[in-house]
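K.L.:
Predicted model and sequence follow; I will ask about them next.
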Amino acid sequence: MTTKKSLLTLLSMILMLSLFLVACGGNGTTTEKEETPATDDAKAGEEATGEPKQGGSIVLGSSGEPVIFNDYYNQDSASADVTDLVFAGLMRSNENLEMVPHIAVDQPEISEDGLVWTYKLRDDVKFHDGTQLTAHDVVFSFEIPVHPDYTGPRASTFDKLEKVEALDDYTVQFTLSEPDAQWAITAGYAILPKHLLEDVAIADLEDYREYNIDNPVGAGPFKFVSWTPGQNLVVEAFEEYFEGRPYLDKVTWRFAADANALVLLLETGDVDHIVAPASELVTIENYDHVNVSSTLALRYDYIGWNLQNPLFQDKKVRQALTHAIDRQEITETILEGRAEVAHAPVSPLSWAYNDNVPKFEFNPERAKELLAEAGWEPGADGILQKDGQKFSFTVLSNDGNTTRRDIGIIMQQYLGQVGIEVKAEQMEWGAFLDKINPPNYDFDAVVLAWGLALDPDPTAIWHSKEIENGLNNISFSNEEVDRISDLNRTILDQTERAKELAKVWEILAEEQPYTFLYYPQQHLAMNKNIKGFVHHPRVTFYRVNEWYLDNN
């Protein structure tokens, strides 16, 4: 085996975005593309004087609660926020969206054909129970999503993994069935402790509460202490963390009903850090004890139409729905002008971004024409009807997210003007996810967001094979999208791959299975005493082990 440096360089360039996705439960905002990862306020640590200080604790405010603390099964950002602190992987993304070593000693050796990836591991990594982490734990972890009894949503991400072997205690080798442009990112999944989970059947692992909820054990910088649903979640510094003990002694998430409640808690000092809604930034920026950091987030927000519902199965209807919703007004009012209207499911941060796609601008008259072409005519009460059925549906969003709540309300007004009746409802986050995800798919329309990872593979969301047990919860199916999804990760030339992916974005923009709302800017508001913070466009709580308090 030889180290294929040119291939590694090429693959490093490919690591700039993915639809290997996590549904966002936090408060969403948006903006235009930026060249730097964050504003000057993002580098709060640079304001500190002297050396980082040991000790103290901080409280993070959140309106979304986690669901499961296992990287191979979670589908929401609230869960991922916790696992980012509790677990560690071979590799991780830095703030420039580059994959860098974590548990791995260095970048991997890659065979000439791109099929064999070999990683050397650090020999000083321990799980929180004191057990040494070895290559055998890596093998155990990566065999989970390729097991025939695996029940999680990540199977397509690992579908090119043919074999994983421990060459010795600190060397692991992955053999792929074909070259995979996404593999360098996939290698960043959390390493789980074999000694605690090897006796649990893979078919039962997703529901294994003792580990996944009650006592997750990882090798990250913080140890899980407790979770009291509806109140708080606590982690504490892991004394033997391989990169050095975190400066903070304890980190607590405090859960609140909604974003407005979080802003009040920030004002009173009861929480030290929140994802700030754009509508409250003017107020928050006047708090003397708070800094605000803003950066383009690696995500997009959308309205998803359940294509199992006959109301949404006609492409003309979906196009009409988008024409009827003034997305620019949403960005200017609900988001205080801090947003850019989206037209496709790929971020402007991505090398695969393509703006040359069909666009359905706000045009209520065109919406009415398309609806009429699809056979919908006004009834006696003004609501559109077809074959005796009224065009009436419910749009769901999650409790605590005031932005999504407001979008649901404003949808009622927009769509009412073209003869469509909309009811807006919100649900508790866990119940909401259970309702919209497999096997239930019990919804008409949903306001949500996808937090994008580091490779623009469309498979997880848009491939028809992901309908039954994956993330394609709107049941979208298109043969050409399936074909390109199957093909794209085998294309290692970034320019050629971008050309193929551009076809997918064009199809999805034309089909409008989502009304793509906007590309969000994330605003983080935090106590000025927090230092060492760097704003990552994808990871809200990035390298918290390097945060510290400066109370001078």
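P.N.:
Now that the structure is in, tell me what you want to look at.

K.L.:
Sketch out the low-pLDDT regions of this structure for me.
P.N.:
Applying pLDDT under 70 to the chain flags residues 1-50, 552.

K.L.:
which residue ends up closest to the midpoint of it in space?
P.N.:
Nearest to the geometric centre of the chain sits residue 451, at 2.7 Å (CA atoms, centre = their mean).

K.L.:
Thought residue 77 was touching that residue, still the case?
P.N.:
Yes: using CB atoms under 8 Å, residue 451 is in contact with residue 77, at 5.5 Å. Every residue, glycine included, has its C-beta placed from N, CA and C.

K.L.:
could you say what helices and strands the host helix or strand of residue 304 packs with?
P.N.:
Using DSSP states H and E, residue 304 sits within strand 299-305. Counting contacts by 3 or more CB pairs under 8 Å, 6 or more residues apart in numbering; DSSP states H and E, strand 299-305 is packed against helix 315-324, strand 445-454, strand 514-527.

K.L.:
The same query, at a cut-off of 6 Å, please.
P.N.:
Packing partners of strand 299-305 (3 or more CB pairs under 6 Å, 6 or more residues apart in numbering; DSSP states H and E): strand 445-454, strand 514-527.

K.L.:
Pull up the pairing partners for that strand, direction included.
P.N.:
strand 445-454 (antiparallel), strand 514-527 (antiparallel) (DSSP bridges).

K.L.:
As JSON lines, the helices and strands packed on strand 299-305 with distance to residue 362 would be great.
P.N.:
Below are the helices and strands packed on strand 299-305 laid out as JSON lines (distance: least, CB to CB, whole Å):
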{"stretch": "strand 445-454", "distance to residue 362": "18"}
{"stretch": "strand 514-527", "distance to residue 362": "11"}
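
K.L.:
For residue 435, find the nearest of these.
P.N.:
Nearest to residue 435 among the helices and strands packed on strand 299-305 is strand 445-454 (9.1 Å), distances taken as CB to CB.

K.L.:
before we move on, back to that, how far away is the residue nearest to the centre of the chain from residue 315?
P.N.:
27 Å (CB to CB, to the nearest Å).

K.L.:
and what of residue 460?
P.N.:
Residue 460 is 23 Å from residue 315, by CB to CB.

K.L.:
These two: who's more crowded?
P.N.:
Legend: neighbour count by other CB atoms under 10 Å for residue 460 and residue 315, higher for residue 460 (23 against 14).

K.L.:
Now do the SS call for that one.
P.N.:
Here residue 460 is helix, with the state taken from DSSP: H, G, I helix; E, B strand; the rest coil.

K.L.:
From residue 403, how far out is residue 356?
P.N.:
Relative to residue 403, and taking CB to CB, residue 356 is found at 29 Å.

K.L.:
More neighbours: which of those two?
P.N.:
residue 403 (25 against 11).

K.L.:
Okay, and that one sits in which element?
P.N.:
Residue 403 belongs to helix 402-416 when elements are defined using DSSP H and E.

K.L.:
circling back: of all the strands paired with strand 299-305, which lies closest to residue 344?
P.N.:
strand 514-527 (6.3 Å).

K.L.:
which ones are touching residue 487?
P.N.:
Listed by CB atoms under 6 Å, 6 or more residues apart in numbering, the contact set of residue 487 is empty.

K.L.:
can I assume it sits in a strand?
P.N.:
No: according to three-state DSSP, residue 487 belongs to no strand; its state is helix.

K.L.:
now the helices: where do they sit in the stretch 201-350 of the chain?
P.N.:
Secondary structure of the stretch 201-350 of the chain (DSSP state H, counting those that start in this stretch): helices located at 202-205, 209, 259-268, 281-284, 315-324, 327-333.

K.L.:
Backbone dihedrals for residue 89, both of them.
P.N.:
phi -120, psi 180 (degrees, to the nearest 10).

K.L.:
Test my guess that the residue nearest to the centre of the chain contacts residue 300.
P.N.:
No: checked against CB atoms under 6 Å, the pair residue 451 and residue 300 is beyond contact range at 9.2 Å.

K.L.:
Pull the number of nearby residues for the closest residue to residue 74 other than its chain neighbours.
P.N.:
Once flanking residues are discounted, residue 74 sits nearest to residue 68: 5.0 Å by CB to CB, 6 or more residues apart in numbering. Counted with other CB under 10 Å, the neighbours of residue 68 add up to 22.

K.L.:
Touching, residue 68 and residue 212? I think so.
P.N.:
Yes: between residue 68 and residue 212 there is a contact under CB under 6 Å: 5.0 Å.

K.L.:
Each with direction, which strands does whatever helix or strand residue 424 lives in pair with?
P.N.:
Element membership for residue 424, per DSSP H and E: strand 421-427. Strand pairing for strand 421-427, determined by DSSP bridges: strand 392-398 (parallel).

K.L.:
what angle separates the strand it pairs with from helix 402-416?
P.N.:
Counting by axes from the mean of the first three to the mean of the last three CA atoms, to 10 degrees, strand 392-398 lies at 170 degrees to helix 402-416.

K.L.:
Would you mind listing the buried residues in strand 392-398?
P.N.:
By neighbour count on 16 or more other CB atoms under 10 Å, the buried set for strand 392-398 is 393, 395, 396, 397, 398.

K.L.:
State the distance from residue 335 to residue 79.
P.N.:
In terms of CB to CB, residue 335 sits 25 Å off from residue 79.

K.L.:
ugh, wrong one, residue 191
P.N.:
Applying CB to CB to residue 191 and residue 79 gives a distance of 17 Å.

K.L.:
what do you get for residue 302?
P.N.:
Counting by CB to CB, the gap from residue 302 to residue 79 is 20 Å.

K.L.:
cool, and residue 496?
P.N.:
Residue 496 is 36 Å from residue 79, by CB to CB.

K.L.:
neighbour count winner among the two?
P.N.:
Taking other CB under 10 Å, residue 496 and residue 79 do not tie; residue 79 has more neighbours (27 against 11).

K.L.:
mind listing what that one touches?
P.N.:
Applying CB under 6 Å, 6+ apart, we find residue 79 in contact with 66, 67, 68.

K.L.:
hmm, try it at 10 Å
P.N.:
Contacts for residue 79 were tallied using CB atoms under 10 Å, 6 or more residues apart in numbering; they are 22-23, 25, 64-71, 73, 212-213, 429-430, 433.

K.L.:
Also residue 397?
P.N.:
By CB under 10 Å, 6+ apart, the neighbours of residue 397 are 303, 403-408, 424-427, 432, 445-448.

K.L.:
so which of those residues is the most crowded?
P.N.:
Within the contacts of residue 397, residue 404 tops the neighbour count with 28 neighbours, counted by other CB under 10 Å.
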